[in-house]
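1. dropping a prediction and its sequence here:
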Amino acid sequence: MQGKKTELWLVRHGQTDWNVEGRYQGQADRPLNEIGIRQARDLARKISDVKFAAIYSSDLQRAFSTAKILADEREVKVDPRLREIHQGEWEGQLFSVIRERYADFFEDRRENPLESRPPGGESLKEVAERVKSCVDEIAARHPGERILIVSHGLAIATLIVASLGMPFSKAFEMIPENADPKIIFWPPDLNGKGK
């Protein structure tokens, strides 16, 4: 069945209080807030006629709760490789404080977006490799099928840029809104695209 593309519906989890407060979540296991639950329910209604061969989710509760709402009694397969970037010591901290306190890091990230990492956290390259390995396996299990994946902003953004043949450094600009599905085909067909 080689050559059959898998249609991936990528959904970032619903809103959390830390999204609203402007805090780095990373792999901190925060629940959906009331708006996040409503976002997931609204999306479930919008896509109720779409048939998925399987549903996969990050194991973090904000993603898994979103996936359970979207699944409507169907099985949700959990894979921790779909987690968000690990923000290390920054998890739970306000963006504004981190940007002020670690201005050198953001300069370094501009210069070296793939390798730079927060203290004790992951690099963009590590996230992209981790998520890609998971999605490669999912696509190999489901060639030519439609799959729903519920994950996190930057994790999803790495898949979007890969599917478009864009450099991974652009992932920071491609983070989707909460509960706003993005459809890509996997594996990417990069003939004539990217390097």
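-> Everything's here; your move. Residues are numbered from 1 along each chain as shown.
2. please make it C-alpha for all contacts and neighbour counts, starting now.
-> Will do.
3. which residue packs closest to A139, ignoring adjacent ones?
-> For A139, ignoring the flanking residues on the chain, the nearest one in space by Cα to Cα, 6 or more residues apart in numbering is T6 at 5.5 Å.
4. how many neighbours does that neighbour have?
-> Residue crowding around T6 was assessed by other Cα atoms under 10 Å; the count is 23.
5. any idea which helix or strand in the protein has the lowest mean pLDDT?
-> The weakest-scoring helix or strand in the chain, judged by mean pLDDT, DSSP states H and E, is helix 103-111 (a mean of 87).
6. got the buried residues for that one?
-> With burial defined by 16 or more other Cα atoms under 10 Å, the residues of helix 103-111 counted as buried are 105-106, 109.
7. return the set of buried residues in stretch 10-21.
-> Neighbour count says stretch 10-21 has 10-19 buried, by 16+ other Cα under 10 Å.
8. what's it in contact with?
-> 24-25, 30-33, 35-37, 39-40, 62-63, 66-67, 92, 94, 148-153, 156, 176-184 (Cα atoms under 8 Å, 6 or more residues apart in numbering).
9. please pick the buried ones from the residues you listed.
-> So, by 16+ other Cα under 10 Å, the buried ones in the contacts of stretch 10-21 are 24-25, 30-33, 36-37, 39-40, 62-63, 66-67, 92, 148-153, 156, 176, 178-179, 181, 184.
10. returning to that earlier point: give me the distance from the least confident helix or strand of the chain to the chain's centre.
-> 23 Å (Cα atoms, centre = their mean, to the nearest Å).
11. so which elements touch the helix or strand just after it?
-> Downstream of helix 103-111, the first helix or strand assigned by DSSP states H and E is helix 124-141. Counting contacts by 3 or more Cα pairs under 8 Å, 6 or more residues apart in numbering; DSSP states H and E, the secondary-structure elements packed against helix 124-141 are helix 153-164.
12. which strands and helices sit next to the helix it packs on?
-> Counting by 3+ Cα pairs under 8 Å, 6+ apart, the packing neighbours recorded for helix 153-164 are strand 6-12, helix 124-141, strand 182-186.
13. report the angle between that helix and helix 124-141.
-> 70 degrees (axes from the mean of the first three to the mean of the last three Cα atoms, to 10 degrees).
14. buried set for helix 153-164?
-> 153-163.
15. make a markdown table out of those and add distance to I98.
-> What follows is the buried residues of helix 153-164, written out as a markdown table (distance: Cα to Cα, whole Å):
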| residue | distance to I98 |
| --- | --- |
| G153 | 19 |
| L154 | 18 |
| A155 | 21 |
| I156 | 23 |
| A157 | 22 |
| T158 | 23 |
| L159 | 26 |
| I160 | 26 |
| V161 | 26 |
| A162 | 28 |
| S163 | 31 |
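16. before we move on, the earlier item: report the inter-axis angle for the least confident helix or strand of the chain versus helix 124-141.
-> 50 degrees.
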